[in-house]
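Asker: pasted the sequence and its predicted model underneath.
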Amino acid sequence: MTKHLKIYLEYFGFDVSDYIQCEVCFSPADDIHHIDARGMGGSKTKDYIENLQAVCRPCHIRYGDKTKYKEQLKEIHLKYMERYGNK
């Protein structure tokens, strides 16, 4: 299990076998996306919950790593964290 997947699962109280929904369209999630990409812009220490978002493959392709959607993804993720996150 990757470090970022483990962080995501632990924060939301999921097990690896649980259904995880895409935070954007609510379809089944395929990936844990780094909103601020790990390899872009310097630091590779991007594995923290505020930067990790569950997405389906179509949303990952459509929105991931595209600067014009980054702020929108952050807003969606923060609302998701407030609603479903570790309390």
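Answerer: Nice, thanks for sending it over.
Asker: for this protein, which residues score under the pLDDT cut-off?
Answerer: Low-confidence segments of the chain, defined by pLDDT under 70: 39-44, 87.
Asker: in it, which spans are strands?
Answerer: With DSSP state E as the criterion, the chain has strands at 31-34, 52-55.
Asker: would you format these as a markdown table with mean neighbour count included?
Answerer: Using the backbone N, CA and C atoms, a C-beta is placed for each residue, glycine as well. Putting these into a markdown table (neighbours: other CB atoms under 10 Å) gives the following:
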| stretch | mean neighbour count |
| --- | --- |
| strand 31-34 | 20 |
| strand 52-55 | 25 |
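Asker: which stretches in this protein count as helices?
Answerer: Assignment of helices within the chain using DSSP state H yields the ranges 3-12, 57-63, 67-84.
Asker: export those as a markdown table, with columns for distance to Cys22 and mean neighbour count.
Answerer: Output for the helices of the chain, formatted as a markdown table (distance: least, CB to CB, whole Å; neighbours: other CB atoms under 10 Å):
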| stretch | distance to Cys22 | mean neighbour count |
| --- | --- | --- |
| helix 3-12 | 13 | 16 |
| helix 57-63 | 5 | 16 |
| helix 67-84 | 10 | 13 |
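Asker: may I see those organised as JSON lines, with distance to Pro28 added?
Answerer: Shown next, in JSON lines, are the helices of the chain (distance: least, CB to CB, whole Å):
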{"stretch": "helix 3-12", "distance to Pro28": "15"}
{"stretch": "helix 57-63", "distance to Pro28": "10"}
{"stretch": "helix 67-84", "distance to Pro28": "15"}
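Asker: for His33, which of the ones you listed is the nearest?
Answerer: Nearest to His33 among the helices of the chain is helix 57-63 (5.6 Å), distances taken as CB to CB.
Asker: beta partners of the residue most central in space within the chain?
Answerer: In the chain, the centroid-proximal residue (CA atoms, centre = their mean) is Gln53; its distance is 0.8 Å. When bridges are called by DSSP bridges, Gln53 pairs up with His33.
Asker: how about it, what does it touch?
Answerer: By CB atoms under 8 Å, 6 or more residues apart in numbering, the contact set of Gln53 is Glu23, Ile32, His33, Ile35, Leu73, Ile76, His77, Tyr80.
Asker: before I go, just wanted to say thanks for your time.
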